[in-house]
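**Q** Dropping the sequence and predicted coords here.
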Amino acid sequence: MRPSHEGPGPRLHGWAAGAASASAYGSMSVVAVFAFNSGASPAVLLTLRGIFAILAIGSIWVLTGRVRRIPWAAAVGLTVVCGIVFGAQVVAFFVAVQLGGAQLPVVVVNVCPLLVIGLVWLRDRTPVPLTLILLAVITIVGLIFVAGASTGAASLSALGLTLLSAAGYAVYLVTSERWVHQVGTVASAGLVTFGSTATIAVFALATADNFVVSAPVWHTAILQGLILTPVGMGGALYAVRRLGSVPLSLLGALEPVVGLTLAAVLLHESLAPMQWVGVVIIVAACTAVPLVSRRQPLAAAAPALLHPPGLGEATVLDPRPQVSPNTARAADDNPARCGESDGG
């Protein structure tokens with residue numbers, strides 16, 4: 001298979017989008033504190049913010065002239081498969097936090113990069129660079145420091161739900177990698193948000209959560225829905241489109257770092273020295289991800305574009321076979337196997 005190489009511009013945009021996504025998702029937990037202090041349940045807040053996010057992303061899609069006919073298979077895949085998986089993993093994570101506190105889930109959920117690496121290997125049948133695997137392990141070590149020396153007595157239910165959340169996010173990243181090329185970043189973000197919001201709303205209704213909320217909850221939902229969710233979801237999908245699911249999953253380790261920093265500034269929480277050590281380890285590992293990945297050739301994760309689109313636009317596709325970014329990075333190390341899989 002013939003990989004198509006991109007210049008440094010799209011790659012740099014991909015790293016910037018991934019960092020912006022991690023920053024947005026990392027700040028959501030701090031912003032959510034104001035809603036939770038007002039009595040809102042996680043499922044209610046997630047549903048309300050999802051409604052505002054759908055309106056925001058849909059407006060961007062229409063007002064920027066990106067409305068195109070969307071392939072039905074990709075649309076169904078993003079809405080039903082990715083949307084439900086994404087929504088379910090968010091619910092699983094918040095329930096785990098309610099059962100066992102926040103420290104253990106913050107650490108355990110970040111085994112996600114290792115799961116993404118495994119899924120990419122199963123999909124592409126090509127090895128992921130060992131340096132990326134090592135960086136994934138290093139970030140987990142840093143997260144253990146960030147969570148603190150003592151995570152308390154964790155229930156098996158909390159541990160199991162957190163692992164399900166990590167597995168769900170890994171499946172979401174890997175499965176969306178192909179469809180986002182067919183639909184575009186903005187439309188993909190809207191479809192996934194619609195599917196995940198519907199999933200969370202069903203959970204909220206099934207658990208009889210109260211949707212009568214106070215003004216601070218609405219303010220939080222508006223901030224998260226109109227700004228943080230579009231940046232987080234759109235940035236992640238754009239990074240997956242440009243870089244692949246493995247590098248993006250590694251950048252996700254920045255989320256707790258951003259959360260801790262904002263908590264220290266806005267909520268006046270203090271960090272122990274060992275937690276600062278963890279922050280340094282995570283930042284160093286995430287900074288090394290683009291440097292390590294730059295040594296590998298990057299290919300598009302879908303057919304090459306005859307007419308490159310703007311951010312989120314649908315595209316005219318080159319039917320010649322391609323490989324995914326994760327496959328292309330390993331192709332030079334194992335060229336004989338490059339043609340064994342279509343990367344999908």
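**A** Received the coordinates, thanks.
**Q** ok, which stretches of this structure are strands?
**A** Under the criterion DSSP state E, the chain contains strands at 305-307, 316-317.
**Q** for residue 74, what are its contacts?
**A** 179, 182, 183 (CB atoms under 8 Å, 6 or more residues apart in numbering). Heads up, the C-betas are built off the backbone N, CA and C, glycines and all.
**Q** doesn't residue 192 make contact with the last one?
**A** No: distance between residue 183 and residue 192: 9.9 Å, which falls outside the contact criterion (CB atoms under 8 Å).
**Q** Flag the shaky bits of the stretch 151-300 of the chain, pLDDT-wise.
**A** 151-155, 269, 271, 293-300 (pLDDT under 70).
**Q** Do a quick rundown of the helices in it.
**A** Taking DSSP state H, counting those that start in this stretch to define them, one finds helices in the stretch 151-300 of the chain at 156-183, 185-206, 215-223, 229-243, 245-251, 254-266, 273-293.
**Q** Return the most buried member of the ones you listed.
**A** Among those, helix 245-251 has the highest mean neighbour count (mean count of other CB atoms under 10 Å), at a mean of 29.
**Q** List of residues touching it?
**A** Contact with helix 245-251 is made by 15, 18-19, 21-22, 112-113, 116-117, 119-120, 128, 132, 135-136, 139, 169-170, 173-174, 176-177, 236, 239-240, 285-286, 289-290, 293, 325-326, as judged by CB under 8 Å, 6+ apart.
**Q** how close does the residue most central in space within the chain get to residue 43?
**A** Centroid-nearest residue in the chain, with CA atoms, centre = their mean: residue 236, separated by 5.1 Å. Using CB to CB, to the nearest Å, residue 236 is found at 22 Å from residue 43.
**Q** same thing with residue 37?
**A** Taking CB to CB as the measure, residue 37 falls 17 Å from residue 43.
**Q** quick revisit: quick one, what contacts the residue nearest to the centre of the chain?
**A** Taking CB under 8 Å, 6+ apart, one finds 17, 18, 21, 25, 173, 248 in contact with residue 236.
**Q** Tell me if I'm right that the second one and residue 232 touch.
**A** Right, residue 18. No: applying CB under 8 Å as the test, residue 18 and residue 232 come out as separate, 10.6 Å apart.
**Q** now stretch 105-116: how far from the chain's centre is it?
**A** How far stretch 105-116 lies from its chain's middle: 12 Å, per CA atoms, centre = their mean, to the nearest Å.
**Q** same deal with stretch 53-61?
**A** 18 Å.
**Q** re earlier: anything in contact with each of residue 183 and residue 192?
**A** Counting by CB under 8 Å, 6+ apart, the shared contacts of residue 183 and residue 192 are residue 78.
**Q** I am finished for the moment; much appreciated.
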